[in-house]
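*Asks:* My questions concern the predicted model and sequence given below.
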Amino acid sequence: MRIKTKWTWGFTLAELMIVMAIIGLISSAAYPSYQQYLVRANRAVAQQFLMEAASAQHQYFLANNGNGYATELVLFGVRVNGCYPNGDGLLSPNLRVCEFYRIRTVPQNSNTTFYVRAIPDKPGPGAIQNGDGTLEIHQDGQKVGTW
């Protein structure tokens, strides 16, 4: 005589636990790669913005008949909480750049040279850009940092 059970299909608890363990292993292997991807993506956005800022500096120099490069205030406008939200400068950084980097530009040597610099903003063990290094571009196109 065969006893009929109400449920004859499904997964056992052991099978579900094995699947959960496999998903956990795959996730733990994928997470560091995802973190590295985010660091590279943030760096690429910052590099692109530095190139735009250097181009704007050159345009400003030419528009003023070679009488100097723009100051940080002219180039970006007024800084509020580490970013330039007002759009009152020549350029407005991407919010992603402001979230992870501090942007600085300095005309040097009586306004005949300049650099534009992106400094990782949040040092510390929890910061995604921790250890990424400062990015910098000079008036002659020289790039310093992790390009």
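*Replies:* Yep, it's here. In this text the structure is predicted, and so the values were computed from the model without any measurement.
*Asks:* What is the neighbour count of Tyr84?
*Replies:* Residues within reach of Tyr84, counting by other CB atoms under 10 Å, total 22. The way it works is simple: take the backbone N, C-alpha and C, and place the C-beta from them, glycine included.
*Asks:* excluding its backbone neighbours, what's nearest Val78?
*Replies:* Leaving aside its sequence neighbours, Val78 sits nearest to Asn86 (CB to CB, 6 or more residues apart in numbering; 5.7 Å).
*Asks:* wait, is that neighbour part of a helix?
*Replies:* No - assessed by DSSP: H, G, I helix; E, B strand; the rest coil, Asn86 does not belong to a helix; its assignment is coil.
*Asks:* My read is that it contacts Gly77, right?
*Replies:* Yes - the criterion here is CB atoms under 8 Å, and Asn86 meets it with Gly77 at 5.2 Å.
*Asks:* about what we covered before: next one, pLDDT for the residue nearest to Val78 please.
*Replies:* The model reports Asn86 with a pLDDT of 70.
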